[in-house]
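Peer 1: One predicted model, sequence on top.
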Amino acid sequence: MKMLCLLCLWIIGLWGAAARAQVVALPNMSTTQVTVSGLSSGAYMAVQFEVAFSRTVRGAGVIAGGPYFCSQGSVFTATTSCSCTTELFACRVRAGGTRINDLIAFTDWFAGAGSIDPTAALAGHHVWMLSGSADSVVPQPVMTDLYFYYRHYIDADHISYTRTLPAEHAMPTDQYGGSCSTLGSPYINNCGYDAAGELLRWLYGPLTPRNNGTPSGRLIAFDQSEFLSLPGWHGMAGTGYLYVPKACDGNSGAGCRLHVAFHGCLQDLDNIGPTFVEHAGYNAWADSNKLVILYPQASAIYPYTNPNACWDWFAYDDPRYALQSGRQMAAVKHMVDRLTGVAPATVLVRLRAR
């Protein structure tokens with residue numbers, strides 16, 4: 001039995017080495033104009049990343065998310081007031097139910113303590129929001145609370161809020177997925193609506209029409225453990241993805257812009273493979289508009305902490321989850337630094353394991 005176990009470990013080691021051989025280091029680039037977006041837990045991650053690093057990020061696209069620090073570190077609040085994702089307790093989502101004034105006070109407090117960037121930096125941001133009218137997971141009152149949260153810091157003409165699309169909880173596209181009313185994997189639905197294109201146009205202004213043919217760019221699998229030691233212990237996968245259009249390849253991304261796209265729960269590599277990376281709709285716009293797309297990858301922590309591979313927006317791994325010092329937040333920021341030329345390639349960030 002002992003020899004058999006040793007053999008199993010040896011085989012697993014060989015398999016892992018083969019898999020790792022196809023994964024490279026995240027390249028050094030010099031992109032600019034960083035924006036973020038996300039769906040579901042990825043939307044919460046996009047909001048908290050934008051708010052925490054508001055001097056780096058210039059805007060956010062939010063699909064089925066909610067205000068910064070909505071859960072206040074409580075899984076109960078996260079699943080009953082910020083979303084309807086528990087069968088143990090009744091959903092408590094209602095207008096104003098996220099307690100916006102408290103969240104604004106927390107935001108100002110964190111900024112005053114230097115734990116996040118000054119809130120004044122949010123004033124110039126552009127924000128694009130979409131809440132499907134049929135969303136049963138993050139109902140519209142949560143998104144409306146997010147709108148009023150943003151309005152405390154950002155003028156109304158910098159915010160777009162779409163809420164009439166009859167979409168369930170999913171990434172809306174016009175080319176891929178099941179029916180718009182479907183709730184289920186891969187959480188990408190064909191609604192006859194190109195959410196990726198709409199949000200990118202709002203964040204960056206007029207864009208060249210997307211590439212409707214075969215993608216012409218290069219998809220790079222990179223090692224996320226360079227940015228967070230033992231990522232699987234902290235809800236991040238060992239591998240992330242970077243899409244580099246042909247116009248940004250070979251020149252370190254000079255003259256190109258960077259967008260970070262956060263997938264939602266159950267859209268990780270173990271559940272749907274690279275489906276979100278390939279079909280959420282960003283890459284076609286990247287090809288024709290010199291946009292580099294960073295796809296960080298979350299992963300599950302079993303059995304109870306984070307079984308659905310969500311991003312940490314309710315302190316399942318780290319009580320600092322919404323601050324710049326949060327493990328996942330800092331890891332993604334260092335990826336962004338690498339891609340914008342802020343951090344030298346020789347600097348390796350190792351965050352202390354819990």
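Peer 2: Nice, I can see it.

Peer 1: What ranges does the stretch 51-200 of the chain have for its helices?
Peer 2: When secondary structure is read from DSSP state H, counting those that start in this stretch, the stretch 51-200 of the chain shows helices at 75-80, 100-112, 140-151, 195-204.

Peer 1: Same list (the ones you listed) but as a markdown table, adding distance to Asn271, mean neighbour count and mean pLDDT.
Peer 2: Every C-beta, even on glycine, is put in place using the N, C-alpha and C of the backbone. Compiled in a markdown table, these are given as follows (distance: least, Cβ to Cβ, whole Å; neighbours: other Cβ atoms under 10 Å; pLDDT from 0 to 100):
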| stretch | distance to Asn271 | mean neighbour count | mean pLDDT |
| --- | --- | --- | --- |
| helix 75-80 | 19 | 18 | 96 |
| helix 100-112 | 30 | 16 | 98 |
| helix 140-151 | 24 | 21 | 98 |
| helix 195-204 | 20 | 22 | 98 |
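
Peer 1: I'd like to know which of these is closest to Ala286.
Peer 2: The stretch from the helices of the stretch 51-200 of the chain with the least distance to Ala286 (Cβ to Cβ) is helix 195-204; that distance is 8.7 Å.

Peer 1: Tell me which helix or strand comes right after that closest one.
Peer 2: strand 218-223 (DSSP states H and E).

Peer 1: Could you give the average pLDDT over that following strand?
Peer 2: Per-residue pLDDT values over strand 218-223 give a mean of 98.

Peer 1: who touches that strand?
Peer 2: The set of residues that contact strand 218-223 without belonging to it, under Cβ atoms under 8 Å, 6 or more residues apart in numbering, is 20, 22-27, 238-244, 246, 249, 274, 277-278, 283.

Peer 1: OK, contacts around the residue nearest the centre of the chain?
Peer 2: The geometric centre of the chain, computed from its C-alpha atoms, lies nearest to Phe262 (Cα atoms, centre = their mean), at 2.0 Å. Contact partners of Phe262, counting by Cβ under 8 Å, 6+ apart, are Val36, Ser37, Gly38, Leu39, Ser41, Gly42, Ala43, Met45, Ala46, Phe49, Pro296, Trp311.

Peer 1: May I have the one helix or strand Asp337 maps to as PDB, with CA atoms only?
Peer 2: Here Asp337, judged by DSSP H and E, is contained in helix 327-340. What follows is helix 327-340 as a C-alpha-only set of coordinates in PDB (Å, rounded to 0.1, in the frame of the first residue of the first chain):
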ATOM      1  CA  ARG A 327      -4.400  38.700   0.000                       C
ATOM      2  CA  GLN A 328      -6.500  38.500  -3.200                       C
ATOM      3  CA  MET A 329      -6.600  42.200  -3.600                       C
ATOM      4  CA  ALA A 330      -2.800  42.600  -3.300                       C
ATOM      5  CA  ALA A 331      -2.100  39.700  -5.600                       C
ATOM      6  CA  VAL A 332      -4.200  41.100  -8.400                       C
ATOM      7  CA  LYS A 333      -2.700  44.600  -7.800                       C
ATOM      8  CA  HIS A 334       0.700  43.200  -8.300                       C
ATOM      9  CA  MET A 335      -0.400  41.500 -11.500                       C
ATOM     10  CA  VAL A 336      -1.700  44.900 -12.700                       C
ATOM     11  CA  ASP A 337       1.600  46.500 -11.700                       C
ATOM     12  CA  ARG A 338       3.500  44.000 -13.800                       C
ATOM     13  CA  LEU A 339       1.300  44.700 -16.800                       C
ATOM     14  CA  THR A 340       1.500  48.500 -16.400                       C
END
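
Peer 1: and the angle for it with strand 218-223?
Peer 2: Helix 327-340 and strand 218-223 meet at an angle of 130 degrees, taking axes from the mean of the first three to the mean of the last three Cα atoms, to 10 degrees as the criterion.

Peer 1: just to revisit the earlier point, pLDDT wise, what is the residue nearest to the centre of the chain at?
Peer 2: According to the prediction, Phe262 has pLDDT 99.

Peer 1: Same question for the one 3 residues further on.
Peer 2: In this model, Cys265 is scored at 98, pLDDT.

Peer 1: rewinding a little: tell me which of the helices of the stretch 51-200 of the chain lies nearest to Asp317.
Peer 2: helix 75-80 (11.8 Å).

Peer 1: contact partners of the closest one?
Peer 2: Residues outside helix 75-80 that contact it (Cβ under 8 Å, 6+ apart): 70-71, 85-86, 89-93, 313-316.

Peer 1: which ones among those are found in strands?
Peer 2: Secondary structure of these is defined by DSSP state E; no position falls in strands.

Peer 1: Same list, those, but as JSON lines with neighbour count and pLDDT please.
Peer 2: Putting the contacts of helix 75-80 into JSON lines (neighbours: other Cβ atoms under 10 Å; pLDDT from 0 to 100) gives the following:
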{"residue": "Cys70", "neighbour count": "28", "pLDDT": "98"}
{"residue": "Ser71", "neighbour count": "25", "pLDDT": "97"}
{"residue": "Thr85", "neighbour count": "19", "pLDDT": "88"}
{"residue": "Thr86", "neighbour count": "13", "pLDDT": "80"}
{"residue": "Phe89", "neighbour count": "10", "pLDDT": "79"}
{"residue": "Ala90", "neighbour count": "9", "pLDDT": "83"}
{"residue": "Cys91", "neighbour count": "16", "pLDDT": "92"}
{"residue": "Arg92", "neighbour count": "13", "pLDDT": "87"}
{"residue": "Val93", "neighbour count": "19", "pLDDT": "90"}
{"residue": "Trp313", "neighbour count": "30", "pLDDT": "98"}
{"residue": "Phe314", "neighbour count": "24", "pLDDT": "97"}
{"residue": "Ala315", "neighbour count": "17", "pLDDT": "98"}
{"residue": "Tyr316", "neighbour count": "20", "pLDDT": "97"}
